[in-house]
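Q: Coordinates only, no sequence provided:
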């Protein structure tokens, strides 16, 4: 069993993929035990006794204890194996030990359920010894296999290829480091005031009907203003427009751009304010004025810009990167 090695960052001290394995595997084991316990519920009307004794417990309590012990052993020990600051052999030993412990835990609790249910015609007993012997032997073997096959070395990934290409590109042409731009789009102050008045005045009038109209209309006005606010992010790889700076609504690779031009436009000529998507064309306009019009492989994209200078900068970056993959000039 081969667990992927660490992520592609020298500054990170956690092997993210090994950590995911250390968390997900005991969770799946626990789900399997719970499923098996529920299948045996009819054979355990009085509940089940823990492997160490102490009197029968209701089956849900028994399963909860079993899951808690398994997760504690599996995640509690395995998570330490994800620390890249530890020695390689120690990380292997920790992950192998976690594997053996969590499999052993599942085996012992499953043996208790099977033994006390009397499945297979055997006399009821606290723990089925055969299940314990076979399961714990397998657990030890799996732990050893994982410890021997786990590769804690950092591996090259696609992100490393992109980083190398970017570094080589910067060495050949330092000016491409300027091919990044971020700016905000928002409606003009006069439009904001108009939208707020359009919400407040009718809401205030309708308060004679219900006091809820005013806050409802104001909330609708605020949402309308928010729908006209976004941020534009562009670098050497892609262009992204994020609504309210959070939700991506337009995302495209620079390789899809064929040409870009900055213009002074009227929003009505390109579908109107806000986000528009129709017949392969996309636009996000907060006002009439400076904008960038892109001709793309799949259609046309139009984006507002705070002013023509910013629109010129965005168009220049996209024209330089049009059709180019990282590492191309």
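A: Great, that's in hand. Because the structure is predicted, anything quoted here is derived from the model rather than measured.
Q: Quickly list the domain ranges of the protein.
A: 16-155, 171-184+231-329, 188-227 (automatic domain parsing).
Q: Can you lay out those domains as TSV showing mean pLDDT and mean neighbour count?
A: No exception for glycine: its C-beta is placed from N, CA and C like everyone else's. TSV is the format used below for these (pLDDT from 0 to 100; neighbours: other Cβ atoms under 10 Å):
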stretch	mean pLDDT	mean neighbour count
domain 16-155	83	17
domain 171-184+231-329	82	17
domain 188-227	85	14
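Q: all helices of the stretch 101-250 of the chain, in order?
A: 129-149, 158-172, 189-205, 213-226 (DSSP state H, counting those that start in this stretch).
Q: any chance of those in a markdown table, plus distance to residue 71?
A: What follows is the helices of the stretch 101-250 of the chain, written out as a markdown table (distance: least, Cβ to Cβ, whole Å):
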| stretch | distance to residue 71 |
| --- | --- |
| helix 129-149 | 16 |
| helix 158-172 | 31 |
| helix 189-205 | 51 |
| helix 213-226 | 41 |
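Q: so which of the ones you listed comes closest to residue 308?
A: With Cβ to Cβ as the measure, helix 189-205 is the member of the helices of the stretch 101-250 of the chain nearest residue 308 (19.3 Å).
Q: what's in contact with the closest one?
A: 187, 213-218, 220-222, 224-225, 228, 287 (Cβ atoms under 8 Å, 6 or more residues apart in numbering).
Q: Over to stretch 50-70?
A: Contacts for stretch 50-70 (Cβ under 8 Å, 6+ apart): 26, 29-30, 33-34, 37-38, 41, 44, 46-49, 102, 105-106, 108-109, 111-113, 126-127.
Q: go with 7 Å
A: Stretch 50-70 is contacted by residues 26, 29-30, 33-34, 37, 41, 44, 46-49, 102, 105-106, 108-109, 112, 126-127 when judged by Cβ atoms under 7 Å, 6 or more residues apart in numbering.
Q: Now do that stretch: distance to the chain's middle.
A: Mean C-alpha position of stretch 50-70 versus that of the full chain (Cα atoms, centre = their mean, to the nearest Å) differs by 34 Å.
Q: Between the two ends of that stretch, how far is it?
A: Chord length of stretch 50-70, first to last residue, is 14 Å (Cα to Cα, to the nearest Å).
Q: can you check stretch 226-234 too?
A: First-to-last residue span, stretch 226-234, Cα to Cα: 21 Å.
Q: quick one, strands of the stretch 201-329 of the chain?
A: Ranges of strands in the stretch 201-329 of the chain, per DSSP state E, counting those that start in this stretch, are 230-234, 238-243, 247-253, 257-265, 274-278, 281-285, 289-296, 299-304.
Q: any idea how far residue 302 is from residue 292?
A: Here the criterion is Cβ to Cβ, to the nearest Å. By it, residue 292 lies 7 Å from residue 302.
Q: same question but for residue 23, I mixed them up
A: Using Cβ to Cβ, we find residue 23 at a distance of 45 Å from residue 302.
Q: Residue 322 too?
A: For residue 322, the distance to residue 302 - Cβ to Cβ - is 16 Å.
Q: Pull the contacting residues for the residue nearest to residue 305 when sequence neighbours are not counted.
A: Once flanking residues are discounted, residue 305 sits nearest to residue 311: 3.8 Å by Cβ to Cβ, 6 or more residues apart in numbering. Neighbour list for residue 311: 262, 290, 291, 292, 305 [criterion: Cβ under 7 Å, 6+ apart].
Q: Who does the first one form a beta bridge with?
A: The one in question is residue 262. Beta-bridge pairing for residue 262 (DSSP bridges): residue 292.
Q: Might one say that it is in contact with residue 309?
A: No - counting by Cβ atoms under 7 Å, residue 262 stays clear of residue 309, with 8.9 Å between them.
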